[in-house]
Every structure is written in structure tokens, then in C-alpha cells.
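[1] requesting a structural model of the entry that follows:
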Amino acid sequence: MKIDRRHLALPALAVGLLTALPADAASADEAAVKKNLEAFRAAQAAHDAKTLTELCAPELSYSHSDAHIEDRATFVTNATNPKSKFISLEYKDPTIRVVGDAAIVRFHWVAESETVADGKRSNTNLHILMVWQKQAGAWKLLARCSTKMP
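    Below is the predicted model of the structure:
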């Protein structure tokens with residue numbers, strides 16, 4: 001069988017187009033996840049129950065650095081508890097990797113909070129792993145876990 005350039009051109013063009021499209025889609029998805037990540041951080045800092053509920057999947061598994069795990073309702077209730085407030089909350093050096101309808105997000109959590117009753121301040125320094133999932137066209141937090149940093 002003789003193969004000439006015409007036989008190779010169409011498959012090469014198709015492969016080139018197929019590899020270009022997911023990168024554009026991935027970058028749009030990465031931007032959407034990045035936007036939701038910042039909205040989530042701001043909602044945590046502001047104790048905004050409505051926004052946290054909207055950003056979290058109903059199936060949320062939220063794991064803390066002390067190993068206790070919360071579902072969405074428990075997480076939102078505890079995250080919006082008025083007994084403490086954030087002085088600062090940063091998500092440093094986030095990385096986002098979209099894989100199909102999932103996004104793997106990692107960052108360094110640095111926060112200072114204060115207990116309202118006595119004004120006692122505490123600092124947290126954590127490594128966070130989040131898994132976001134595209135559900136009905138919107139990115140939702142599906143899982144989160146944290147590890148204490150030295």
C-alpha cells in the first residue's frame with residue numbers, strides 16, 4: 001500500500017484540532033474553578049452560609065487536619081459559627097489541574113482567627129487538597145482535606 005501526504009494530512013489536522021480544543025476548555029474550566037476558589041475563601045472569611053452552601057456539592061466530604069469529617073450541612077454550620085472570626089485568611093500559591101469533570105486544587109492555607117468571647121488569637125498553617133466537580137455546568141466543592149504544616 002502506498003501512503004502519500006494526502007493520506008497523512010487529514011489525520012494530522014484532526015489530531016491537532018482535538019488536542020487544541022481541550023486546552024482551551026481546560027483553561028476556561030481552570031478560570032472558573034479559580035473564581036469559585038476565591039469566592040469560597042471570601043465566604044469562609046465572611047461566614048457567608050448562603051455562598052458556602054451554593055459552592056459545595058450536596059455530597060461534600062470536608063476533612064479537617066484533626067481528622068474529623070463533616071458533611072455539607074455540618075461544615076456550613078460550623079464555618080459560620082459566630083463564636084470566632086477570621087482576622088486574615090489566605091490561600092497561598094494555589095494550583096489547579098482540571099481532569100475531565102474534576103479539578104484538583106492544592107494551596108497553602110495561612111490564617112489568623114480570634115475567639116469572640118475572650119479575644120484569644122490563634123494561627124493555622126495548613127496544606128489543603130480540594131476536589132471540585134462540574135455538576136450541571138457549575139463547579140462544586142466535592143471533597144477537601146488538610147494537613148498541618150510545621
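
[2] in this structure, where is pLDDT below threshold?
    1-26 (pLDDT under 70).

[3] all strands for it, in order.
    When assigned using DSSP state E, the strands of the chain occupy the ranges 56-63, 69-70, 84-99, 102-115, 121-135, 138-148.

[4] dump those into TSV; add mean neighbour count and distance to residue 36 as well.
    Placement of C-beta: from N, CA and C, glycine included. As requested, the strands of the chain are arranged in TSV below (neighbours: other Cβ atoms under 10 Å; distance: least, Cβ to Cβ, whole Å):
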stretch	mean neighbour count	distance to residue 36
strand 56-63	17	10
strand 69-70	16	19
strand 84-99	14	10
strand 102-115	17	9
strand 121-135	16	7
strand 138-148	18	5
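
[5] out of those strands, which is closest to residue 29?
    With Cβ to Cβ as the measure, strand 84-99 is the member of the strands of the chain nearest residue 29 (4.5 Å).

[6] what residues does that closest one touch?
    26, 29-30, 33-34, 37-38, 41, 44-45, 47, 103-116, 121, 128 (Cβ atoms under 8 Å, 6 or more residues apart in numbering).
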